[in-house]
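In: sequence? don't have it. structure:
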């Protein structure tokens with residue numbers, strides 16, 4: 001298993017060190033190991049979890065729902081059904097966002113075509 005400093009973790013995850021601290025403070029990151037000097041060290045599993053958090057955040061999941069998902073994850077296998085329900089609800093919202101963006105993109109493309117015909 002590999003271990004990474006906060007700086008290496010920030011670089012690999014794309015999150016700032018401040019965000020890593022914040023996520024740990026609010027409970028999105030839990031059980032972060034410490035080295036002999038008391039400094040945080042992150043594992044490959046932590047990086048995988050951060051990748052999931054980035055996916056959820058960048059697709060618009062509110063922090064409160066991310067916290068709920070994190071709680072469910074720590075709850076073990078008996079929370080699988082609730083995790084699926086939470087992720088399915090989020091997936092529906094993402095689909096709605098994609099549909100809105102597609103409609104807006106079509107309008108932009110129409111406008112580009114209009115201007116190309118004018119010049």
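Out: Now that the structure is in, tell me what you want to look at. Quick caveat: nothing in here was measured; it's all calculated off a predicted structure.

In: need the contact list for residue 8.
Out: residue 42 (C-beta atoms under 8 Å, 6 or more residues apart in numbering). Using the backbone N, CA and C atoms, a C-beta is placed for each residue, glycine as well.

In: SS state for it?
Out: helix (DSSP: H, G, I helix; E, B strand; the rest coil).

In: same check, this time on residue 36
Out: coil.

In: can you give me the helices for this structure?
Out: 6-13, 17-26, 44-58, 63-74, 80-118 (DSSP state H).

In: the longest one vs helix 63-74, what angle?
Out: Here helix 80-118 runs at an angle of 140 degrees relative to helix 63-74 (axes from the mean of the first three to the mean of the last three C-alpha atoms, to 10 degrees).

In: ok now the longest strand seen in the chain, how far from the chain's centre?
Out: Longest strand of the chain, by residue count under DSSP state E: strand 40-43. Its chain's average C-alpha position is 18 Å from that of strand 40-43, according to C-alpha atoms, centre = their mean, to the nearest Å.

In: that one pairs with which strands?
Out: Strand 40-43 has the following strand partners under DSSP bridges: strand 3-4 (antiparallel), strand 33-34 (antiparallel).

In: who does residue 34 bridge with?
Out: With DSSP bridges as the rule, residue 34 is bridged to residue 40.

In: show the pLDDT at it.
Out: At residue 34, the pLDDT value in this model is 93.

In: do residue 94 as well
Out: 98.

In: leaving out sequence neighbours, find the closest residue to it.
Out: residue 59 (5.0 Å; C-beta to C-beta, 6 or more residues apart in numbering).

In: who's in contact with the one you found?
Out: By C-beta under 8 Å, 6+ apart, the neighbours of residue 59 are 90, 94, 97.
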